[in-house]
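structural data only, the sequence is not supplied:
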Ligand SMILES: NC(=O)c1ccc[n+]([C@@H]2O[C@H](COP(=O)([O-])OP(=O)(O)OC[C@H]3O[C@@H](n4cnc5c(N)ncnc54)[C@H](OP(=O)(O)O)[C@@H]3O)[C@@H](O)[C@H]2O)c1
């Protein structure tokens, strides 16, 4: 993936990881479009950055995705990179029958959203120079957090989807997986100040330096996520799972 001269669409770019990456990509010489549901957050994200623009998009709305994709390629014909970053996370107690609304929303947001947006943009992206799709998964794609089973499963699904897509789109669109470790954002209550979680700026700076590696790695993995990513290969899943189960 080129590091400058791209037009990059970042879903969930109004806060957290999406925002930190979007602003860095802008400042490095790219046009960046951020989307999300919260207009105030999006307006704040683009303030003072002339090559950033914002558009509202709820990634759980299939019709909205189709309409948005049409509009965005008309407005930004050079759009060549899609970053599927928007996501939600919740904890669940699956030991008794319960209301599955949040679990179902997690599946729709974290899996169906990226699948639908990719589908809506794949033909446009295929026609672009230097096209790429970046799917933001998680270290929890590789070893689940027991108290967040649906969330972990959505990220494992998006890892698998990215691996398959990389083969199908080879030579047309680069497929890159970005799997963050625990990072200080507002993804879950209290997370933005939690001890042991990676500071957001430190994480985003390390991610940008990994994107600058040539050729771009298929998986963008900061040092802090390697214990999760490599647990299966290292034979350390029981220990890592035990640690995650104690959280
Ligand atoms: N922080 C971590 O520790 C961590 C670790 C591994 C992976 N990740 C992943 O990183 C990504 C970004 O998360 P974050 O930590 O930066 O949390 P965040 O600050 O809460 O960002 C999530 C973004 O997703 C957007 N979003 C949520 N539901 C949406 C919907 N239905 N339609 C459109 N946008 C929606 C939100 O924007 P609106 O509210 O404006 O819609 C928000 O900007 C997620 O995919 C998350 O799973 C995070």
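Yes, it's here. These numbers were taken from a predicted model, which means no experiment stands behind them. Residues are numbered from 1 along each chain as shown.

tell me where the protein has strands.
Taking DSSP state E as the test, the strands found in the chain are 7-11, 31-36, 52-56, 81-84, 132-136, 174-178, 219-220.

would TSV of those with mean pLDDT and distance to the ligand be doable?
Any C-beta I mention is one placed from the backbone N, CA and C, and that applies to glycine too. As requested, the strands of the chain are exported to TSV (pLDDT from 0 to 100; distance: least, C-beta to the nearest ligand atom, whole Å):
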stretch	mean pLDDT	distance to the ligand
strand 7-11	99	6
strand 31-36	98	3
strand 52-56	98	8
strand 81-84	99	8
strand 132-136	99	5
strand 174-178	98	8
strand 219-220	98	12
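
would you mind listing what in this protein touches the ligand?
Within reach of the ligand by C-beta under 6 Å from any ligand atom, the chain has these residues: 11-12, 14-18, 36-38, 41, 57-60, 85-89, 109, 136, 138, 180, 182-183, 185-187.

of the residues you listed, select the buried ones using a PyMOL command.
Buried members of those, defined by 16 or more other C-beta atoms under 10 Å, are picked up in PyMOL with:
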select buried, resi 11+12+14+15+16+17+18+36+41+57+59+60+85+86+87+88+89+109+136+138+180+182+183+185+187
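
burial of residue 232, as a residue count?
Residue 232 has 12 neighbours, counted by other C-beta atoms under 10 Å.

please report how far it lies from residue 148.
Between residue 232 and residue 148 the distance, using C-beta to C-beta, to the nearest Å, works out to 19 Å.

over to residue 82?
With the distance defined as C-beta to C-beta, residue 82 ends up 25 Å from residue 148.

neighbour count winner among the two?
The neighbour count for residue 82 versus residue 148, taken as other C-beta under 10 Å, is higher for residue 82 (27 against 22).

and that one, how far is that from residue 63?
Distance, residue 82 to residue 63, using C-beta to C-beta: 19 Å.

residue 53 too?
For residue 53, the distance to residue 63 under the criterion C-beta to C-beta works out to 22 Å.

these two: which has the busier surroundings?
Between residue 53 and residue 63, residue 53 has the larger neighbour count (other C-beta under 10 Å), namely 18 against 8.

so that one makes contact with residue 46?
Yes. Contact criterion C-beta atoms under 8 Å: residue 53 and residue 46 qualify, at 6.3 Å.

between the two, what contacts are shared?
Here residue 53 and residue 46 share the contacting residues residue 34, scored by C-beta atoms under 8 Å, 6 or more residues apart in numbering.

dump the residue contacts of residue 212.
residue 3.

one more: the one 3 residues further on?
Under the criterion of C-beta under 8 Å, 6+ apart, residue 215 has no neighbours.

averaged pLDDT, the longest helix along the chain. What do you get?
Looking only at the chain and at elements set by DSSP state H, the helix with the highest residue count is helix 149-168. Confidence over helix 149-168 (mean pLDDT, whole number) is 99.

packing partners of that helix?
Counting by 3 or more C-beta pairs under 8 Å, 6 or more residues apart in numbering; DSSP states H and E, the packing neighbours recorded for helix 149-168 are helix 101-107, helix 113-126, strand 132-136, strand 174-178.

neighbouring contacts of it?
84, 87-90, 92, 94, 103, 106-107, 110-111, 114-115, 118, 133, 135, 137-138, 140-142, 144-145, 175-177, 179, 218.

show me the contacts for residue 111.
By C-beta under 8 Å, 6+ apart, the contact set of residue 111 is 154, 157-158, 161.

for residue 118, same thing?
If you count contacts by C-beta under 8 Å, 6+ apart, then residue 118 has 82, 84, 133, 165 around it.
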